[in-house]
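**Student:** Quick one: sequence and predicted model below, then my questions.
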Amino acid sequence: MDFKLTKEQELAQELFRSFAETEIKPLAHDMDESEVYDMELLQKMQRYGFFGIPYAKEYGGAGGDVLTYTLCMEEVSKQDGSTGITISVHTSLCCSCINEFGTEEQKQKFLRPLVDGSKIGCFGLTEPNAGSDVQGAQTVAVEEDDCYVINGSKVFTTNSGFADTCVVFAITDRSVPVSKGLSAFIVDLKEMPGITVSDNIKRMGIRAAQNCIVTYDEVRVPKDRLLGQKNKGFKIAMMALNGGRIGIAAQSVGLAQGAINEAKVYVKQRTQFGRPIGAFQNTQFKLAEYQTKVDAARLLTWRAAIAKDNHEDYSDLAAMAKLFASETANEVTRGCVQLLGGYGYCREYPVERMMRDAKITEIYEGTSEVMKMVISGKMDLK
Amino acid sequence: MKIVVCVKQVPDTSGKVAVKPDGTLDRASMLTIINPDDVNAVEAALALKDEYGCKTVVVTMGPPPAEKMLRTIMAMGIDEGILISGREFGGSDTYATSQIIAAGLVHLGIDDDDIIICGRQAIDGDTAQVGPQIAEKLGIPQISYAGDIKKDGNTITVKRMLEDGYMMIQMKTPCLITCVKELNQPRYMSTYGIFEAYQKPLTVYDYNTLKDEPLIDPETIGLQGSPTNILVSFTPPLKGAGTILEGADMNTCKTLAKILDDKHIIR
């Protein structure tokens, strides 16, 4: 076993790092304040292939791997958590469903523009009454002539503010539990009549991400938009969320490392009691603890990514990575605000934004509690 | 038609500078970057490729680790790489370097409609000589300090940037251009390019590859054959922090006069 990146992965890391420092860092503060994502930045990332990293060249992707995608997630999230989730939802949730379960025709028609940088995707599963427990889902799709007619509403649909394509889940058989009667559909968010996207939901963190309520009112979706088999959508959603957790783990690593990097600069400049605060053992030990945890989180994340790349079962590995990395992100960003003191609490410095952004990593794509259910489920405890 | 870009790997000026006992730079032990002006040359080549669909080749002379720089440039979109590398070439000054690179270009084959693009100068030697010398050795026209490049058939029109103005000059291909950083905004690598970069052709030209080229004179290559002799290379000592006096009043002037007097700068 070695922990070395391949030559391609090293080049990719260089690209993501320099792009994030040059292009994302200067915009992150204003995007957070305005709660609006910079569309020029989005288009630049599309042009440089940030939205198709682990997908095959034959469908217009970069032909990379999941590990390279985690490198992207870490580097962009070091500067801006909103950018991280924008890329993650598109890549891990939307594209993966079509890539894994789409027909050849669906891949050419819907996956290609998503991974070649022409279109943005989102993923509609969560509903007002269906979060960790999908059983409360109420959105339905009824077969009618050559269509499915979708009615219902999805909440917290990240990217829906500007996305073109959405993989949405709706109940197609109400006589069985939701997990056995759910189906996935590919819908055109901007073009299909009956779809309404709300304003960006006001949130604590990742405020520039466009996370809205999407309402479906008599939306007629052609039958060839059914993804995978009818009533087998639950499996698709779980596959996507399993993979998504690797992305969120990498986002968490990025947020934590970003905060450490900011703190490292600050503690060398800030003088109290006649010395830079970096000269005090408390500062040194705190940052040593934080860096150790971040490295451990990164290794867990890479392990899960490599398992996915090798087509091994990775669901518990991804859950461990997300559980540990998201908790680390919260501890480390909070600790870095403390190291920056009063300035850390000010919005002029980025660490308070990182702390606010970090909270969601313990909640979305499966809460920490759900992660523990997944991990313990694999431990043969019952 | 093809575009050939000549690039150089230079020490990263944000890192440490290491010097060998013979006074030349110990390049292997230093962090390196692509010479900044050369990145503009790469972008100029890619812009021409975008417009004309022509082949693009990147050429460098340097030690084997320079391959990574060539792969980086191929990840930006350049099609092929050539690494001119051999112990016999080590320590070459600009005269010897341009001779070797020109021989490499002849070996590659320069066609009537080809364009060679170099950066204005490298941040390590700052001579700005290698590009123009390559053109001289190849016997082709050259325009340096390009701030704009237009191509119309075999006629290349270049806006040549000078300190106090510019010149518009035309020349026929094959030709050589050196460019300034104002020419363009270089693109990044792309993820699409990165996963192709290591599959693209990269050829190493060593001494044996080039020794029979008429331009190569074994007596005038490498450190021994270079007319320029480096006496010593060193990192200049850091200057201390400056002092800023504020105010235009008599007291400030007196303070300034005293400082200058103490240093015997004025009397």
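**Tutor:** Yep, that arrived.
**Student:** how about the helix or strand B:Ile134 falls within as CSV, C-alpha atoms only?
**Tutor:** Using DSSP states H and E, B:Ile134 falls within helix B:130-138. What follows is helix B:130-138 as a C-alpha-only set of coordinates in CSV (Å, rounded to 0.1, in the frame of the first residue of the first chain):
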residue,chain,number,x,y,z
VAL,B,130,17.6,32.3,-26.8
GLY,B,131,14.4,32.9,-28.9
PRO,B,132,16.1,35.4,-31.2
GLN,B,133,19.3,33.2,-31.5
ILE,B,134,17.2,30.2,-32.4
ALA,B,135,15.7,32.2,-35.3
GLU,B,136,19.2,33.3,-36.4
LYS,B,137,20.6,29.7,-36.3
LEU,B,138,17.6,28.5,-38.3
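**Student:** State the mean pLDDT of it.
**Tutor:** Confidence for helix B:130-138, expressed as mean pLDDT, is 93.
**Student:** Please enumerate residues in contact with it?
**Tutor:** B:6, B:8, B:94-95, B:97-99, B:101-102, B:105-106, B:110, B:116, B:118-120, B:122, B:141-142, B:144, B:174-176, B:178, B:215 (CB atoms under 8 Å, 6 or more residues apart in numbering or on different chains). (Glycine included, C-beta is placed from N, CA and C.)
**Student:** Sort out which of these are in helices and list them.
**Tutor:** B:94-95, B:97-99, B:101-102, B:105-106 (DSSP state H).
**Student:** who are the neighbours in contact with the residue nearest to A:Tyr349 when sequence neighbours are not counted?
**Tutor:** Nearest residue to A:Tyr349, sequence neighbours excluded (CB to CB, 6 or more residues apart in numbering or on different chains): A:Tyr343, at 5.3 Å. Residues near A:Tyr343 by CB under 8 Å, 6+ apart: A:266, A:270, A:349.
**Student:** which of the ones in helices among the contacts of helix B:130-138 tops the neighbour count?
**Tutor:** The member of the ones in helices among the contacts of helix B:130-138 surrounded by the most neighbours (other CB atoms under 10 Å in any protein chain shown) is B:Ile101, with 31 neighbours in all.
**Student:** which ones are touching that one?
**Tutor:** With CB under 8 Å, 6+ apart, B:Ile101 has these contacts: B:6, B:59, B:61, B:84, B:130, B:134.
**Student:** Which residues are in contact with the spatially most central residue of chain B?
**Tutor:** Among the residues of chain B, the one closest to the centroid is B:Ala122, at 4.3 Å (CA atoms, centre = their mean). Shown in contact with B:Ala122 (CB under 8 Å, 6+ apart): B:8, B:10, B:35, B:37-38, B:130.
**Student:** one more time with 7 Å, if that's ok
**Tutor:** Applying CB atoms under 7 Å, 6 or more residues apart in numbering or on different chains, one finds that B:Ala122 lies in contact with B:8, B:10, B:35.
**Student:** likewise A:Ala305?
**Tutor:** Here A:Ala305 is in contact with A:66-67, A:70, A:246 (criterion: CB under 7 Å, 6+ apart).
**Student:** Which residue ranges of chain A form strands?
**Tutor:** With DSSP state E as the criterion, chain A has strands at A:121-124, A:140-144, A:147-158, A:165-171, A:182-188, A:195-197, A:211-222, A:226-227, A:271-272, A:275-276.
**Student:** Please tell me how far the closest residue to chain B within the stretch 251-382 of chain A sits from A:Ile171.
**Tutor:** When scored by CB to the nearest CB, the stretch 251-382 of chain A has A:Asp309 as its residue closest to chain B, at 13.4 Å. Per CB to CB, to the nearest Å, A:Asp309 is found 34 Å from A:Ile171.
**Student:** and the closest residue in space to B:Asp217 that isn't next to it in sequence, how far is that from B:Ser92?
**Tutor:** Closest residue to B:Asp217 apart from its sequence neighbours, by CB to CB, 6+ apart: B:Gln99 at 7.1 Å. Going from B:Gln99 to B:Ser92 by CB to CB gives 8 Å.
**Student:** what's the overlap in contacts for these two?
**Tutor:** Counting by CB under 7 Å, 6+ apart, the residues touching both B:Gln99 and B:Ser92 are B:Ile221.
**Student:** max-length helix in chain A?
**Tutor:** Max-length helix for chain A by DSSP H is helix A:233-269.
**Student:** which strands and helices sit next to that one?
**Tutor:** In terms of contacts (3 or more CB pairs under 7 Å, 6 or more residues apart in numbering or on different chains; DSSP states H and E), helix A:233-269 is packed against helix A:66-79, helix A:81-88, helix A:96-101, strand A:182-188, strand A:275-276, helix A:281-309, helix A:315-345, helix A:351-359.
**Student:** can you do 6 Å?
**Tutor:** Secondary-structure packing of helix A:233-269 (3 or more CB pairs under 6 Å, 6 or more residues apart in numbering or on different chains; DSSP states H and E): helix A:66-79, helix A:81-88, helix A:96-101, strand A:182-188, helix A:281-309, helix A:315-345, helix A:351-359.
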